[in-house]
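Q: Dropping the sequence and predicted coords here.
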Amino acid sequence: MSFDLSICCMGAGYVGGPTMAVIAKNCPNIRVCVVDLNAKQIDAWNSAELPIYEPGLKEVVESCRGKNLFFSTSIESEIALADIVFISVNTPTKTQGIGAGRAANIKNCELCARTIAKVATTNKIVVEKSTVPVRTADAVRRVLACNDKGLEFQVLSNPEFLAEGTAIDDLEKPSRVLIGGEETPGGQAAIAKLVSVYANWVPSSQIITTNLWSSELSKLVANAFLAQRVSSINSISALCESTGADVSEISRAIGSDPRIGPRFLQSSVGFGGSCFQKDILNLVYLCETFGLDECAEYWHQVIKMNDYQKSRFTQKMVSRMFNTATGKKIAILGFAFKKDTGDTRETASAFVCRDLMQEKARLHVYDPQVKREQMMIEFDYTLNVNTTTEPDLEKLITTETDVYKACEGAHAIAVLTEWDEFKGLDYERIYKGMSKPAFVFDGRNVVDIKTLREIGFEVYAIGKPWPKE
Ligand SMILES: NC(=O)C1=CN([C@@H]2O[C@H](COP(=O)(O)OP(=O)(O)OC[C@H]3O[C@@H](n4cnc5c(N)ncnc54)[C@H](O)[C@@H]3O)[C@@H](O)[C@H]2O)C=CC1
Ligand SMILES: O=C(O)[C@H]1O[C@H](OP(=O)(O)OP(=O)(O)OC[C@H]2O[C@@H](n3ccc(=O)[nH]c3=O)[C@H](O)[C@@H]2O)[C@H](O)[C@@H](O)[C@@H]1O
């Protein structure tokens, strides 16, 4: 079959895979190929068990895979074939050198640009899908311009706003699609080309076009504003616990003001995910680079509040359990950074587990989507716990596939991810099997406090009045 256009996406991760699947589904005349250096990842995309869990994703992939959607490790030939190349690779926080701990590392983006320059034989539009520091397009453009074949490349910025767990809905019905390009005839033509792809299913009123730098920076700012709302309500949760106010009531009261709005006011044990912290640190670094120290400090506070929220939760747990968790069995309900995803990157649950392990508690972790192997990777990467040499780790962490088994004989339950199934558990049965007093620490405001207290549990929930010690 012949296609009108060919798209290649470099990076088959949480963004590249779902984004390209939805493009393929809505544009049967476009050939879409997602490529990655990681052969295991590509094999999984070509199998019945996709590498990521995302509601609705499997159906979309299966409806177009092998027709106009392909996953491949033939990076160079697929780039050569494409009219549009998306760069959707990871851009983690730098761990070494200048800007370590703050700046985003764009080495993967630069590498993609070098590969494109090397293998391209025709002019191409190169689209930054990854989240990048403002002015990265300049670096990409300069690398591409070094090709010695007289080819022309247009660089566009097209940041992604999907949230995990709702990725397919977010991609099918985006609040907006943002496309930034150069303010030159070539730049405008490239923008028009990409607009025509999205126009297959996104109303034109929702496709925003702008210049490159505004587009790149808007992505960082969007995540910073979202995370700021969570940190703001979390700061109030601490006040609620001490004063008798109820954070859910506050969210409802302030969220009814249309100027504030109801979303993203759910108090929690702390935000996680691969991007909020990384992108705010990136913004902080940019502010510092331009000598805007007050602005940097303002945004940095969002992260500090999140760190405080995570450690505050564990401290309160230990303090309520008579100041000791040593040897106690604690059921950890939820390890993913939010419900409906198996992603554990920067999950608050890992931080709470680490702090409880330091207290020598025995953790029995249940999460419907997270395997033990994934948990260990998280401890290794995020928390620098060496999972192969840490002697206590095997002893202190048990992973359970049955939530009731996780709770059997436990002194306490900590709800750390808001999976819907935690609302409907048979808490009478769980209570009977637990050590007494049976504690529930709800870091997500999932459980029905009144019912659980009637059963006999001692319940403490984030942002709810905590009885005096
Ligand atoms: N995860 C999310 O929900 C969102 C992420 N983003 C941004 O999108 C970008 C990608 O994020 P994720 O998909 O979560 O990352 P990911 O880590 O899941 O996937 C990135 C993939 O890129 C591949 N890769 C790295 N260098 C490559 C190269 N030179 N050639 C081919 N493949 C290469 C890696 O092997 C990996 O499979 C990041 O900049 C992130 O900030 C933006 C919106 C949402
Ligand atoms: O750039 C990204 O990676 C993405 O980051 C977030 O998406 P995501 O991290 O997948 O999930 P969110 O729903 O934003 O939740 C992030 C964290 O905040 C927490 N959260 C969220 C909302 C809330 O009210 N309270 C709260 O604690 C969640 O539990 C989770 O740990 C943004 O919502 C996306 O728009 C963005 O594209």
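A: Received the coordinates, thanks. The model shown is predicted, which means the values in this text are computed figures rather than measured ones. Ligands and ions are numbered 1, 2, ... in the order given.

Q: Check the spacing between the closest residue to Pro92 other than its chain neighbours and ligand 2 real quick.
A: Closest residue in space to Pro92, ignoring its immediate chain neighbours: Asn105 at 5.6 Å, by CB to CB, 6 or more residues apart in numbering. Just so you know, the C-beta spots here come from the backbone N, C-alpha and C atoms, and that holds for glycine as well. Separation of Asn105 from ligand 2 (CB to the nearest ligand atom, to the nearest Å): 16 Å.

Q: same deal with Pro185?
A: Separation of Pro185 from ligand 2 (CB to the nearest ligand atom) stands at 31 Å.

Q: how deep is that residue tucked in, by neighbour count?
A: Per other CB atoms under 10 Å, the neighbour tally for Pro185 reads 8.

Q: Quickly note the distance from Glu400 to Gly424.
A: From Glu400 across to Gly424, the span is 18 Å (CB to CB, to the nearest Å).

Q: Comparing these two, which shows the higher neighbour count?
A: Glu400 (18 against 8).

Q: Settle this for me: the residue nearest to Pro92 is touching Thr93, isn't it.
A: Yes. Between Asn105 and Thr93 there is a contact at 7.0 Å, judged by CB atoms under 8 Å.

Q: Which one's more surrounded, those two?
A: Using other CB under 10 Å as the criterion, Asn105 and Thr93 rank with Asn105 on top: 20 against 17.

Q: Residues of the protein that sit close to ligand 2?
A: Applying CB under 6 Å from any ligand atom, one finds that the chain approaches ligand 2 through 131, 160-164, 223, 226, 230, 264-266, 268, 271-273, 275-276, 337-338.

Q: ok, of those residues, which come out buried?
A: Among the residues of the chain next to ligand 2, the ones that count as buried by 16 or more other CB atoms under 10 Å are 131, 160-162, 164, 223, 226, 230, 264-266, 268, 271-273, 275-276, 337-338.

Q: buried ones in the helix or strand containing Lys310?
A: Using DSSP states H and E, Lys310 falls within helix 293-320. Residues of helix 293-320 classed as buried: 296, 299-303, 305-306, 308-310, 312-314, 316-318, 320 (neighbour count, 16+ other CB under 10 Å).

Q: in its sheet, what does whichever helix or strand comes after that helix sit against?
A: Scanning forward in sequence from helix 293-320 by DSSP H and E, the next helix or strand is strand 329-333. Applying DSSP bridges, strand 329-333 is found paired with strand 362-366 (parallel), strand 412-415 (parallel).

Q: Could you list which residues are in contact with the residue nearest the centre of the chain?
A: The centroid of the chain falls nearest to Gly273 when counting by CA atoms, centre = their mean (3.4 Å). For Gly273, the contact set (CB atoms under 8 Å, 6 or more residues apart in numbering) comprises Glu164, Phe337, Lys338, Asp343, Arg345, Glu346, Thr347.

Q: rerun that using 7 Å as the cut-off
A: Residues counted as contacts of Gly273 (CB atoms under 7 Å, 6 or more residues apart in numbering) are Glu164, Phe337, Lys338, Arg345, Glu346.

Q: Export the strand or helix carrying Asp380 to PDB, keeping only CA atoms.
A: Secondary structure from DSSP H and E places Asp380 in helix 372-383. The C-alpha coordinates for helix 372-383 follow below in PDB (Å, rounded to 0.1, in the frame of the first residue of the first chain):
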ATOM      1  CA  ARG A 372       9.100  -6.900  42.000                       C
ATOM      2  CA  GLU A 373      11.800  -6.400  39.300                       C
ATOM      3  CA  GLN A 374      10.400  -2.900  38.600                       C
ATOM      4  CA  MET A 375      10.300  -2.000  42.300                       C
ATOM      5  CA  MET A 376      14.000  -3.000  42.700                       C
ATOM      6  CA  ILE A 377      14.900  -0.900  39.600                       C
ATOM      7  CA  GLU A 378      13.200   2.100  41.300                       C
ATOM      8  CA  PHE A 379      15.100   1.600  44.600                       C
ATOM      9  CA  ASP A 380      18.300   1.400  42.600                       C
ATOM     10  CA  TYR A 381      17.800   4.500  40.400                       C
ATOM     11  CA  THR A 382      15.700   6.900  42.500                       C
ATOM     12  CA  LEU A 383      16.900   6.100  45.900                       C
END
